[in-house]
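> coords below, sequence missing:
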Ligand code: SAM
């Protein structure tokens, strides 16, 4: 997902600092102040255009959601949705998830969502995959003990790689589906990529894994 620079994006993001937090490093350990409550915090890493995080926030007002996206030209689309939703429990961070532990304290995050992460199929790009062991270290650092990662993708290669990576890391598999849309899983909220690939008939793979005690 790459876009040409949108000149208005920087301005729109600056104008909406209530939703797209400009200085996340200053809120490490203090996200309860930003949300004004002690509700659990769920983050989506690689949030893209933000349908998932915004719709989840609407459906679950007692959970605080934070969408993390690298590209300004992409997160601005998520920001438009958050502004339109006009709800207090969704925030966005325009940052690289490689620096997650600069923004969150140990145990501050209750769940990590990874949706349709970039597959980076070349072996030499393995370290960029959001399910690579260095990212699993980062999620562990910020998650509560026994915190969970919920992952879905249309990419079978990335799914197989990720199951291996989770297993080698010692994560416990709680749930797996090789065809989410024809499974008994309830309450699925589709992402932009999920709409696109499932409409073409591709099965959606999904799993939930948990860090051990
Ligand atoms: N989750 C969305 C969906 O399902 O529609 C977007 C999927 S898109 C393929 C992956 C997104 O992850 C891209 O927008 C990309 O910029 C973002 N991303 C990849 N690596 C990232 C990182 N290290 N930190 C933050 N965002 C990242």
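Right, received. Where do you want to start? These figures come from a predicted structure and were not determined experimentally. Residues are numbered from 1 along each chain as shown.

> only C-alpha atoms for contact and neighbour calcs from this point on.
Fine.

> what sits against residue 76?
If a contact means Cα atoms under 8 Å, 6 or more residues apart in numbering, then residue 76 has 9, 12, 13, 49 as its contacts.

> out of the residues you listed, what pair is the most spread apart?
Across those, the two members that end up farthest from each other (Cα to Cα) are 12 and 49, 14.8 Å apart.

> who has more neighbours, these two?
Taking other Cα atoms under 10 Å, residue 12 and residue 49 do not tie; residue 49 has more neighbours (23 against 14).

> isn't there a helix covering residue 44?
No: under DSSP: H, G, I helix; E, B strand; the rest coil, residue 44 sits outside any helix and is assigned strand.

> go ahead and confirm residue 100 touches residue 138.
Yes: with contact defined as Cα atoms under 8 Å, residue 100 counts as touching residue 138 (6.6 Å).

> so those two - more neighbours on which side?
Neighbours per residue, other Cα under 10 Å: of residue 100 and residue 138, the larger number sits with residue 100, 20 against 16.

> could you say which helix or strand holds the more buried one?
With elements taken from DSSP states H and E, the one containing residue 100 is helix 100-103.

> who are the packing partners of that helix?
helix 133-142 (3 or more Cα pairs under 8 Å, 6 or more residues apart in numbering; DSSP states H and E).

> for residue 170, see how far away the residue of the chain found nearest the ligand is.
Shortest the chain-to-the ligand distance, computed as Cα to the nearest ligand atom: residue-wise this is residue 46, at 3.2 Å. Summarising the geometry, the distance separating residue 46 from residue 170, computed by Cα to Cα, to the nearest Å, is 23 Å.

> the more surrounded of the two?
Taking neighbours as other Cα under 10 Å, residue 46 and residue 170 compare with residue 46 leading, 24 against 13.

> from memory the more buried one sits against residue 128, does it?
No: applying Cα under 8 Å as the test, residue 46 and residue 128 come out as separate, 11.9 Å apart.

> checking my notes, residue 202 in a strand, right?
No: applying three-state DSSP, one finds residue 202 to be coil, outside a strand.

> can you pull the contacts of it?
For residue 202, the set of contacting residues under the criterion of Cα under 8 Å, 6+ apart consists of residue 154.

> so the residue nearest to residue 189 when sequence neighbours are not counted is in which element?
Counting by Cα to Cα, 6 or more residues apart in numbering, the nearest residue to residue 189 once its immediate chain neighbours are dropped is residue 52, at 6.2 Å. According to DSSP H and E, residue 52 maps onto helix 51-59.

> do any residues in that helix lie close to the ligand?
No: where contact is defined by Cα under 6 Å from any ligand atom, no part of helix 51-59 touches the ligand; the two come within 7.4 Å at best.

> what about that helix, average pLDDT?
For helix 51-59, the mean per-residue pLDDT is 98.

> secondary structure element holding residue 12?
Applying DSSP H and E, one finds residue 12 within helix 7-15.
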